[in-house]
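Undergrad: 3D model of this:
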Amino acid sequence: MADELIIKDLHVNVEDKEIIKGLSLTIRRGETHVIMGPNGSGKSTLSNTIMGHPRYTVTAGDIIWQGESILDLPADRRARRGLFLAFQYPMEVPGVSASNFLRTALTNIRKGDQAPTITPDNLGEIGDGSGGNQAKVGGDGANIDRSKRQTLIPPKEFRTILKSKLSLLQMDEKFTKRYLNDGFSGGEKKRMEVLQMAVLSPKIAFLDEPDSGLDIDAIRIVGEGVSKLKGPDMGIVVITHQQRILNYLDVDFVHVMMQGYLVKSGGKELVKEIEERGYGWIREEAGLAAGAEEDA
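TA: Residues are numbered from 1 along each chain as shown. A predicted model of the protein is given here:
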């Protein structure tokens, strides 16, 4: 079974408006792809559609992962099969520590399609495998019947994994004891997304504007973190419209999206050309009208 993600002639609507208009792309494990383009060109729509966000409707085409269409799979099942999305605006989850969230998520990834669906509302209902019938969990100390809860990865094993990833990314363990993204700065939220990627070890990871809103130092920290995770077992897709974070990554392919189309592909040299010349020449080359981008 080939570990490649094949996007075939994909058409996507949002509220009856077509945003992606026949896009095809293949991404393999071990490759680093960059998707660039003006705001509103459909970049975030593409990543959210691949991950199964219900707001986006596929009207034609297919998304094939490991030889099978995943269009009918919900987002959590896609994640359990090795796909990952680091959000542009990560969700805050008060009352759930980052460590508990990561342990729960890793348990579900390992259990694959046998794992129950996890939502922010039921994170506290996940057991720790320590026995007994009830335990106090969550910020309100509510009693949960442990017989209805799944067994998590043993604490010692999880701590070993977590500490190794924290060390790799040069992050303090105190970071994981805080509530997930609650009160985090923009840079801290992005680093938390990179830590999730490190712990979960996806086969293909999408990073939606990991440099958005970050200062120079934060971009360097995030970029170096992502670079440390790259290897033959993980494909990475970075969605951005800035060059700076790419200075820290070994990029294989660069793609440009405009008005819902993938209009140009090349190597890392394409990034420099865009930096020097902007997008106008690519738009003209593709025969698209100027100023037609909209929120996507």
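
Undergrad: Going by C-alpha atoms from here, please, whenever you check contacts or count neighbours.
TA: Noted.

Undergrad: what ranges do the helices span in the stretch 101-250 of the chain?
TA: With helices called from DSSP state H, counting those that start in this stretch, the stretch 101-250 of the chain shows them at 155-169, 186-200, 216-229.

Undergrad: Tell me which of those sits most buried.
TA: helix 186-200 (a mean of 22; mean count of other CA atoms under 10 Å).

Undergrad: where does the stretch 151-296 of the chain have low pLDDT?
TA: Scanning the stretch 151-296 of the chain for pLDDT under 70 picks out the ranges 291-296.

Undergrad: Now distance to Gly67 too, for the helices of the stretch 101-250 of the chain, in a markdown table please.
TA: As requested, these are exported to a markdown table (distance: least, CA to CA, whole Å):
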| stretch | distance to Gly67 |
| --- | --- |
| helix 155-169 | 30 |
| helix 186-200 | 22 |
| helix 216-229 | 25 |
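
Undergrad: For Gly61, find the nearest of those helices.
TA: Closest of the helices of the stretch 101-250 of the chain to Gly61 is helix 186-200, at 28.2 Å (criterion: CA to CA).

Undergrad: List the contacts of that closest one.
TA: 84, 86-87, 90, 102, 105-106, 109, 161-162, 165-166, 169, 181, 205, 210, 213-214, 218-219, 221-222, 225-226, 229 (CA atoms under 8 Å, 6 or more residues apart in numbering).

Undergrad: Could you pull up the residues touching Lys163?
TA: With CA under 8 Å, 6+ apart, Lys163 has these contacts: Glu173.

Undergrad: Try it again at 6 Å.
TA: With contacts taken as CA atoms under 6 Å, 6 or more residues apart in numbering, Lys163 has no neighbouring residues.

Undergrad: Next one: it relative to Pro155, how far apart?
TA: 12 Å (CA to CA, to the nearest Å).
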